[in-house]
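Asks: Got a predicted structure plus its sequence, pasted below:
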Amino acid sequence: MRLVTASQTIALDTQAKALLAAGHDVINLSVGELDFDPPTVVQQAVSQAVGNASNHYSPVAGLQASKQAVCAYEQAQHGVTYLPEQVLITNGAKQALYTTFLALVQPGDEVLVLQPAWVSYIEQIKLAGGVPVSVETTDQFSLDITAMERAMTDRTVGLILNYPNNPTGAVYTAALLQNVAQLAQEKKLWVISDEIYEHIIYGDVPFISFAKLYPHTVVVNGISKAAAVTGWRVGYAAGPVAIIQAMTALQSHLTGNVSNVMQAALPPALSNGLAADWLQQLQLRRQLVLDWVVQHPAVQLVSPQGAFYCFLDIRAFKMDSVTFCQRLLTDHHVALVPGSYFGRDGFVRLSFANSPDRIRVALERMDQFCAILSQ
């Protein structure tokens, strides 16, 4: 346990909320959750489930209706065929990821983690007894196949993919993903594909589920982002039967079944996907940050093509990312996340999943902060 670090993004969000509770006007652009209300049809499904004798234990792997909804969704959305026994409903995508690592990784096994990366991948691999091996992406945050090959050893058993990416917003082309699939096939790797942001894409690159390209893939997904229900904790894993059976056995001892009430949200949430007007609003919010960056030459940005984050390059200020974020939060009451938490110091992550008015105020405060740093 001494090797494991608590989630730093959650810790920063907690600090921001503490300042807010103390009466400060804090604008929290650190947390990765939409500020929209869940779709009405999803809320209604959950409300109805409360009165439908949902208070008893149910199958660990998930209600049949939930698993069938996942199968129907993956077939319609991605052209990938799953049977219900290839699906495990989990307490959010985070649990699905951790259980996957527990099922696939033996002590000393190495798993490639493409940097910058979401903070929990490395810690979960360590908790499973594995060795996370960091692999740098390109300057544009694209995949570097040569770097991946160089990082592999005879202990490498798998790699974790996440696209659209948190924290960079990178989206990978079909050709690039095909190259990764070919490499995984040659090296006989497992691939864990975190596809939680699949609906949030702004460019012309279509989303392709990695399971469509490579059979030895465990897909991890959920409704937290697309339905704006991060606190409901409903996710799923889909993959080969033997792996899902092993993961189900693990979950039977860890948590048992996912809340029956919250599972009721899965079918309507998967059927409706991300609301079109939500994506339009996110595009407008994203543009606010892009326009701000243009006015600040000291801050660089690779324009995000997906998710709802901007990974700002602040290296020109000659300040580490933790100090930058601490000063910005303490002195100007704007919360961002240090890039060092994602394995890339000199950057900070800004979540634009907040109202346009609040984003504008936050950017004005960042104007003041950057002006001070530039003196």
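Replies: Cool, got the structure.

Asks: Any figure for the gap between the residue nearest to H216 when sequence neighbours are not counted and G130?
Replies: In this structure, H216 finds its nearest non-sequential neighbour in W190, 5.5 Å apart by C-beta to C-beta, 6 or more residues apart in numbering. (Each C-beta comes from the backbone N, C-alpha and C, glycine too.) W190 sits at a distance of 11 Å from G130 (criterion: C-beta to C-beta, to the nearest Å).

Asks: Overlap in contacts, those two.
Replies: Contact criterion C-beta atoms under 8 Å, 6 or more residues apart in numbering; residues shared by W190 and G130: V157.

Asks: which SS state does L88 fall under?
Replies: Here L88 is recorded as strand under DSSP: H, G, I helix; E, B strand; the rest coil.

Asks: Helices of the protein, start to end?
Replies: With DSSP state H as the criterion, the chain has helices at 8-21, 40-50, 64-78, 92-104, 119-127, 145-151, 174-187, 241-254, 260-263, 266-272, 276-294, 321-332, 356-374.

Asks: May I have the phi/psi pair for the spatially closest residue to F308 that is not a sequence neighbour?
Replies: Excluding the flanking residues, the one nearest F308 by C-beta to C-beta, 6+ apart is A353, at 4.4 Å. For A353, the backbone dihedrals (degrees, to the nearest 10) come out as phi -90, psi 60.

Asks: and A353, how many neighbours does it have?
Replies: Using other C-beta atoms under 10 Å, A353 has 23 neighbouring residues.

Asks: Give me the pLDDT for it.
Replies: Model confidence at A353, given as pLDDT, is 95.

Asks: dump the residue contacts of it.
Replies: V31, G32, E33, L34, D35, L282, R285, F308.

Asks: now the angle between helix 119-127 and the least confident helix or strand in the chain by mean pLDDT, please.
Replies: The least trusted helix or strand in the chain, going by mean pLDDT, DSSP states H and E, turns out to be helix 8-21, with a mean of 78. Counting by axes from the mean of the first three to the mean of the last three C-alpha atoms, to 10 degrees, helix 8-21 lies at 130 degrees to helix 119-127.

Asks: Could you export helix 8-21 as CSV, CA atoms only?
Replies: The C-alpha coordinates for helix 8-21 follow below in CSV (Å, rounded to 0.1, in the frame of the first residue of the first chain):
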residue,chain,number,x,y,z
GLN,A,8,-4.7,13.4,-6.8
THR,A,9,-7.4,14.7,-9.0
ILE,A,10,-10.0,13.9,-6.4
ALA,A,11,-7.8,15.4,-3.7
LEU,A,12,-7.6,18.7,-5.7
ASP,A,13,-11.3,18.7,-6.2
THR,A,14,-11.8,18.3,-2.5
GLN,A,15,-9.5,21.2,-1.8
ALA,A,16,-11.4,23.4,-4.2
LYS,A,17,-14.7,22.4,-2.5
ALA,A,18,-13.3,23.2,0.9
LEU,A,19,-12.4,26.7,-0.2
LEU,A,20,-15.9,27.1,-1.7
ALA,A,21,-17.4,25.9,1.6
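
Asks: quick one, it and helix 321-332 angle?
Replies: Using the same axes, to 10 degrees: helix 8-21 against helix 321-332 is 10 degrees.

Asks: residues making contact with helix 8-21?
Replies: By C-beta under 8 Å, 6+ apart, helix 8-21 touches 26, 28, 30-32, 119, 325, 329, 333, 335, 337-338, 341.

Asks: Please name the bridge partners of N28.
Replies: Counting by DSSP bridges, N28 is bridged to A335.

Asks: I'd guessed it sits against S355; true?
Replies: No - the pair N28 / S355 is not scored as a contact, 11.5 Å apart, by C-beta atoms under 8 Å.

Asks: Same drill for the two, tell me which one is more crowded.
Replies: N28 (21 against 13).

Asks: Distance check, the more buried one against S340.
Replies: From N28 across to S340, the span is 19 Å (C-beta to C-beta).

Asks: Q295 now?
Replies: On the measure of C-beta to C-beta, Q295 and S340 end up 26 Å apart.

Asks: the more surrounded of the two?
Replies: It is S340, of Q295 and S340, that has more neighbours when counted by other C-beta under 10 Å, with 18 against 10.

Asks: And for the closest residue to that one other than its chain neighbours, the neighbour number?
Replies: Leaving out its chain neighbours, the residue that sits closest to S340 by C-beta to C-beta, 6+ apart is S321, at 4.9 Å. By other C-beta under 10 Å, the residues close to S321 number 24.

Asks: Which pLDDT value belongs to S321?
Replies: 96.

Asks: Which one of the contacts of helix 8-21 is nearest to M247?
Replies: Checking the contacts of helix 8-21 against M247 with C-beta to C-beta, the nearest one is V119 at 22.0 Å.

Asks: Can you report how many residues neighbour that closest one?
Replies: 20.

Asks: can you tell me which residues contact S58?
Replies: N257, N260, Q263.

Asks: how much space between the last one and S340?
Replies: In this view, Q263 and S340 are 37 Å apart by C-beta to C-beta.

Asks: For the residue lying closest to N162 once chain neighbours are set aside, grab the count of nearby residues.
Replies: Among residues not flanking N162 along the chain, D194 sits closest, at 4.2 Å (C-beta to C-beta, 6+ apart). For D194, the tally of surrounding residues (other C-beta under 10 Å) stands at 27.
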